[in-house]
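1. sequence below, structure please.
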Amino acid sequence: MYRIFAVLVALGLLGACSGRGSVRTDDVTVYQGPMVISFAMDSPWDGVTIPPEQTCMAEDIIPSTPELVVENIHGAANLILLEINDSNEPLLSSRGGLGVIGFYHDGSPTAVLKPVSAFTRNMPDHAFLEAGNRSVNRDIEGYMPPCSGGRNHLFTARIWAVKRDVNRVEPDIILDMREIELGRN
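-> Numbers count the residues shown, from 1 in each chain. Here you go, the predicted structure:
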């Protein structure tokens with residue numbers, strides 16, 4: 001009888017911790033994922049069509065990454081990686097074919113990934129270039145904006161929540177990853 005009671009108590013405790021979102025226990029936040037990614041409210045990006053001013057064909061403006069809102073981030077994450085890919089171009093379809101931008105993160109459950117300019121290795125203070133694009137045109141540095149020449153390619157972004165050892169001795173720990181469609185061009 002005692003064993004059945006102990007098992008029921010243990011199951012009850014596990015059940016209480018199985019909901020979505022974060023559960024606060026004293027000063028420790030327990031992550032219960034997954035991340036939610038959306039475009040910022042005033043963003044010209046809609047996930048359907050790439051804004052013309054954000055492509056490689058833009059005139060009189062330097063394109064940039066979309067402003068994204070990331071919610072329900074694992075509490076152990078100290079950086080967010082934004083990997084941008086061209087799904088229809090084999091060389092650029094994975095692992096950040098158009099570039100990978102890193103954003104420093106303070107461990108809070110929400111982050112706004114501010115836009116980062118294309119065609120440069122110079123990053124704002126809140127971000128860093130994790131990996132440049134893999135375009136065959138080696139003159140293009142940093143993030144390369146969507147550039148299909150009107151061939152209706154699908155562009156996607158993968159957002160990674162990562163725990164990175166500040167000394168880079170230990171390997172990165174991937175805490176979560178989500179993918180969204182940026183749109184077609």
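
2. go through stretch 174-185 and flag the buried ones.
-> Neighbour-count burial for stretch 174-185, counted by 16 or more other C-beta atoms under 10 Å, picks out 175-176, 178, 180, 182-185. For glycine as for every other residue, the C-beta is placed from the backbone atoms N, C-alpha and C.

3. pick the one among those residues closest to residue 139.
-> Nearest to residue 139 among the buried residues of stretch 174-185: residue 185, at 20.6 Å, using C-beta to C-beta.

4. give me the spatial nearest neighbour of residue 86, chain neighbours excluded.
-> Distances taken as C-beta to C-beta, 6 or more residues apart in numbering place residue 92 nearest to residue 86, at 4.2 Å, with adjacent residues excluded.

5. which stretches of the protein form helices?
-> For the chain, helices defined by DSSP state H occupy the ranges 2-16.

6. and the longest strand for it?
-> Once the chain is assigned using DSSP state E, the strand that runs over the most residues is strand 173-184.

7. can you dump the C-alpha atoms of that strand in PDB for me?
-> Extracted C-alpha coordinates of strand 173-184, given in PDB (Å, rounded to 0.1, in the frame of the first residue of the first chain):
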ATOM      1  CA  ILE A 173      25.000  23.200 -26.000                       C
ATOM      2  CA  ILE A 174      22.000  23.500 -28.300                       C
ATOM      3  CA  LEU A 175      19.000  24.100 -26.100                       C
ATOM      4  CA  ASP A 176      16.300  24.700 -28.800                       C
ATOM      5  CA  MET A 177      15.900  25.400 -32.500                       C
ATOM      6  CA  ARG A 178      12.900  26.600 -34.500                       C
ATOM      7  CA  GLU A 179      12.600  27.400 -38.200                       C
ATOM      8  CA  ILE A 180      10.400  30.000 -39.900                       C
ATOM      9  CA  GLU A 181       9.700  31.000 -43.400                       C
ATOM     10  CA  LEU A 182      11.000  34.500 -44.300                       C
ATOM     11  CA  GLY A 183       9.200  34.500 -47.600                       C
ATOM     12  CA  ARG A 184       9.800  34.100 -51.300                       C
END
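
8. how about the contacts made by residue 88?
-> When contacts are counted by C-beta atoms under 8 Å, 6 or more residues apart in numbering, residue 88 touches 148, 151, 153-154.

9. greatest separation within these: which pair is it?
-> Taking C-beta to C-beta, the two most distant members of the contacts of residue 88 are 151 and 154; they sit 10.5 Å apart.

10. these two: who's more crowded?
-> residue 154 (17 against 10; other C-beta atoms under 10 Å).

11. and the closest residue to that one other than its chain neighbours, how far is that from residue 93?
-> Nearest residue to residue 154, sequence neighbours excluded (C-beta to C-beta, 6+ apart): residue 87, at 4.3 Å. Plainly put, residue 87 is 5 Å away from residue 93 if you go by C-beta to C-beta, to the nearest Å.
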